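[1] Show me the folded form of this:
(2 chains)
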Amino acid sequence: MSRTVIIPTPLRRFTDGVETVAVEGGTIRDVFDHLETRFPGIRARLCEENGDLRRFINVYVDGEDIRFLDRLDTAVGEKAEISIVPAIAGG
Amino acid sequence: MSYVKGLKCRICGASYEVEPLAICEECFGPLEVDYDYEAIRGNLKKADLDTRSRTMWRYREFLPLDGEPTVGLHSGGTPLVRADRLARAIGVREVHLKNDAVSHPTLSFKDRVVAVALSKAREFGFKAVGCASTGNLANSVAANASASGLPAYILIPHNLERSKVLGTQIFGANVVPVRGNYDDVNRLCSEIAGRHRIAFVNVNLRPFYGEGSKTFGYEIAEALGWQLPDAVVVPMAGGSLITKIYKAFRELEQIGFVEPAQTKFFGAQATGCNPIAAAVKAGTRDITPVKPDTIAKSLAIGNPADGYFATGVIGETGGWSEDASDAEIVESIRLLAETEGVFTETAGGTTLAVARKLIAQGRLDPDSRIVIAITGNGLKTQDALSLDELEPIEPRLAAFEEFVSGVTLAA
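    Presented below is the predicted three-dimensional model:
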């Protein structure tokens, strides 16, 4: 099994509806580059023009928020599961 | 009839039809319900309310349903209690408690949001409902789902208070404890909602769900004789409620029900989970998430989705935010109980503790009219309290008199 990204509903129009994508890249930044190559336009949905992650997107590597790790430079292991999750209300 | 124009992104302003959608496809910003306030202003008069029941549905023009509500018909309409004994104890002139600890049917303000969300879920034709919850929302979704005959899938952190778990299971809901904190539960729910057709009230129905909280604000204004208070103190978990009370006040101004006022909004968090308070104190609107560690489990959301908007409301109105330690929370639960006979959960203790701190700091004006939001009931968070063990006495008069010796009895 390789690195996988779970694509959230609002982004599936870029992936032809595909929900889980196998990806390459040693960091989140590399993974986003890889996604952009395969699904042009997707990075602009994830990142601001200056390259920062958009405010209302949370990215997790194996369940850990990358803001607790190295943000976009967070290392991604070979079997890592990456989740891209919109911010969700309280409860 | 509905006054809803559609959904609108709170960040980029993109418009959407009314559908079970919570996130802007352009920028990931949260979507919000957009109303035709001109039409409401033209059609709704204060006198129209006279014949309506004392529930949240008396403000139905401001709620996003197409038809009549079908769930939570008796929610809302909780008392605004003038708390003079508490006012004396904390050194202020006038304080009121908006007391959702007595909300029907599950004793927290979440009954308001669930009434809207499940009514909307039915309009959308969902056959199953659910939520990610720190407890109160779980209770309310489970209760209202059972009353509606809908199966419910309730995902909660594994370490919730026993009474909140029991108070969910009792309704026959599918309770799914998840190894992790609320933010982990939330992430999982979002992924489930992406694959299964379940109406997760705070995920895919979030824009509709949040609107129910506005009724907390309308009721405050109406109970004050259609006036807005000088200050409100509101607990913050995800940060939504404080923004919805703000929205309610602005809406009432917009349709001419109240005179415009400069109500200051104060937000309360626990020190063990204070990402919004920390941002306010640091002078930024941006939230740095934290890992929660507090007895105020209903507020234990380390990554608050509405934090950016909560800091905005607090900053714009000249309010502030503080946080309270576990010991301060417990002390304020007791103070409220002993002065006003209101037993609130840890979130209410947090709110009162923060109000006292803000008074001491001079940020909350003791001569102003203050409303404190009490959002949940103390019977649900008894785990957080330990009171004196009681020794029984013999059923004899002498034993009673010995028990009260040292206490002055009224003649």
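
[2] so which helix or strand takes in B:Val280?
    B:Val280 belongs to helix B:275-281 when assigned by DSSP states H and E.

[3] How far away from the center of its chain is that helix?
    Centroid separation for helix B:275-281 versus its chain: 19 Å, with Cα atoms, centre = their mean, to the nearest Å.

[4] and that helix, what does it pack onto?
    strand B:264-270, helix B:307-317, strand B:321-324 (3 or more Cβ pairs under 8 Å, 6 or more residues apart in numbering or on different chains; DSSP states H and E). Where C-beta positions appear, they are placed from N, C-alpha and C, glycine not excepted.

[5] Turn these into CSV, including mean neighbour count and mean pLDDT.
    What follows is those, written out as CSV (neighbours: other Cβ atoms under 10 Å in any protein chain shown; pLDDT from 0 to 100):
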stretch, mean neighbour count, mean pLDDT
strand B:264-270, 28, 98
helix B:307-317, 22, 98
strand B:321-324, 27, 98
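
[6] Nearest to chain A, out of the ones you listed?
    Smallest distance to chain A across those (Cβ to the nearest Cβ): 6.3 Å, for helix B:307-317.

[7] contact partners of the closest one?
    A:55-56, B:10, B:236, B:238-240, B:242-243, B:246, B:262-267, B:275-276, B:279-280, B:284-287, B:304, B:319-321 (Cβ atoms under 8 Å, 6 or more residues apart in numbering or on different chains).

[8] tilt between it and strand B:264-270?
    Here the directions of helix B:307-317 and strand B:264-270 differ by 140 degrees (axes from the mean of the first three to the mean of the last three Cα atoms, to 10 degrees).

[9] Can I get helix B:307-317 as PDB, trimmed to CA atoms?
    What follows is helix B:307-317, C-alpha atoms only, in PDB (Å, rounded to 0.1, in the frame of the first residue of the first chain):
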ATOM      1  CA  GLY B 307     -13.100  30.600  15.900                       C
ATOM      2  CA  TYR B 308     -12.200  33.100  13.100                       C
ATOM      3  CA  PHE B 309     -15.700  34.500  13.200                       C
ATOM      4  CA  ALA B 310     -15.900  34.500  17.000                       C
ATOM      5  CA  THR B 311     -12.700  36.600  17.300                       C
ATOM      6  CA  GLY B 312     -14.200  38.900  14.700                       C
ATOM      7  CA  VAL B 313     -17.400  39.500  16.600                       C
ATOM      8  CA  ILE B 314     -15.500  40.000  19.900                       C
ATOM      9  CA  GLY B 315     -13.100  42.500  18.300                       C
ATOM     10  CA  GLU B 316     -15.700  44.400  16.400                       C
ATOM     11  CA  THR B 317     -18.000  44.900  19.400                       C
END
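
[10] residues in contact with B:Ser140?
    Per Cβ under 8 Å, 6+ apart, neighbours of B:Ser140: B:Pro105, B:Thr106, B:Ser108, B:Lys110, B:Asp111, B:Val113, B:Val114.

[11] Apply 6 Å and report the result again.
    B:Thr106, B:Lys110, B:Asp111, B:Val114 (Cβ atoms under 6 Å, 6 or more residues apart in numbering or on different chains).

[12] Correct me if wrong, but it is in a helix.
    Yes - counting by DSSP: H, G, I helix; E, B strand; the rest coil, B:Ser140 falls inside a helix.

[13] For whichever residue of the stretch 151-300 of chain B sits closest to chain A, which non-adjacent residue is spatially closest?
    Proximity to chain A, evaluated over the stretch 151-300 of chain B using Cβ to the nearest Cβ, is greatest for B:Gly238 at 2.2 Å. In this structure, B:Gly238 finds its nearest non-sequential neighbour in A:Gly90, 2.2 Å apart by Cβ to Cβ, 6 or more residues apart in numbering or on different chains.

[14] how close does the residue of the stretch 151-300 of chain B closest to chain A get to B:Asn202?
    Distance, B:Gly238 to B:Asn202, using Cβ to Cβ, to the nearest Å: 8 Å.

[15] what about stretch A:31-46, average pLDDT?
    The average pLDDT within stretch A:31-46 is 95.

[16] contact partners of it?
    Outside stretch A:31-46, the residues that touch it by Cβ under 6 Å, 6+ apart are A:Leu11, A:Phe14, A:Thr15, A:Val23, A:Glu24, A:Gly25, A:Val76.

[17] hmm, 10 Å instead?
    A:3, A:5, A:7-8, A:10-16, A:18, A:21-25, A:27-28, A:47, A:51, A:53-54, A:57, A:59, A:61, A:72, A:74, A:76, A:80, A:82, A:84, B:24-28 (Cβ atoms under 10 Å, 6 or more residues apart in numbering or on different chains).

[18] next one: it to chain centre, how far?
    From the chain centre to the centre of stretch A:31-46 is a distance of 9 Å (Cα atoms, centre = their mean).

[19] The residue nearest to B:Gly238 contacts B:Gln269, correct?
    No - at 11.8 Å, A:Gly90 does not count as touching B:Gln269 under the criterion of Cβ atoms under 10 Å.

[20] if I pick B:Phe265, what's in contact with it?
    B:231-234, B:242-243, B:245-246, B:249, B:310, B:312-321.

[21] And it, how far from B:Ala248?
    For B:Phe265, the distance to B:Ala248 - Cβ to Cβ - is 12 Å.

[22] Give me the common contacts of A:Gly90 and B:Gln269.
    B:Met236, B:Ala237, B:Gly239, B:Leu299, B:Ile301, B:Pro304.

[23] do stretch B:367-381 and chain A meet at all?
    No - Stretch B:367-381 is not in contact with chain A by Cβ under 10 Å from any Cβ of the partner chain; minimum separation 11.1 Å.

[24] Next: stretch B:207-217.
    Yes - using Cβ under 10 Å from any Cβ, stretch B:207-217 reaches chain A at B:Pro207, B:Tyr209, B:Gly210.

[25] JSON lines for those, including secondary structure, distance to B:Leu336 and pLDDT?
    Below are those laid out as JSON lines (DSSP: H, G, I helix; E, B strand; the rest coil; distance: Cβ to Cβ, whole Å; pLDDT from 0 to 100):
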{"residue": "B:Pro207", "secondary structure": "helix", "distance to B:Leu336": "33", "pLDDT": "96"}
{"residue": "B:Tyr209", "secondary structure": "helix", "distance to B:Leu336": "28", "pLDDT": "96"}
{"residue": "B:Gly210", "secondary structure": "helix", "distance to B:Leu336": "27", "pLDDT": "96"}
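
[26] By neighbour count, which of those residues wins?
    B:Tyr209 (31 neighbours; other Cβ atoms under 10 Å in any protein chain shown).

[27] Just give the nearest non-adjacent residue to that residue, would you?
    B:Ala117 (4.0 Å).

[28] what about that neighbour, distance to B:Lys45?
    From B:Ala117 to B:Lys45 the distance is 28 Å (Cβ to Cβ).

[29] Show me which of those two is the more surrounded one.
    For B:Ala117 and B:Lys45, the more surrounded residue by other Cβ under 10 Å is B:Ala117, and the numbers stand at 33 against 12.

[30] so where do the strands sit in chain A?
    A:4-6, A:20-22, A:57-61, A:64-65, A:81-86 (DSSP state E).
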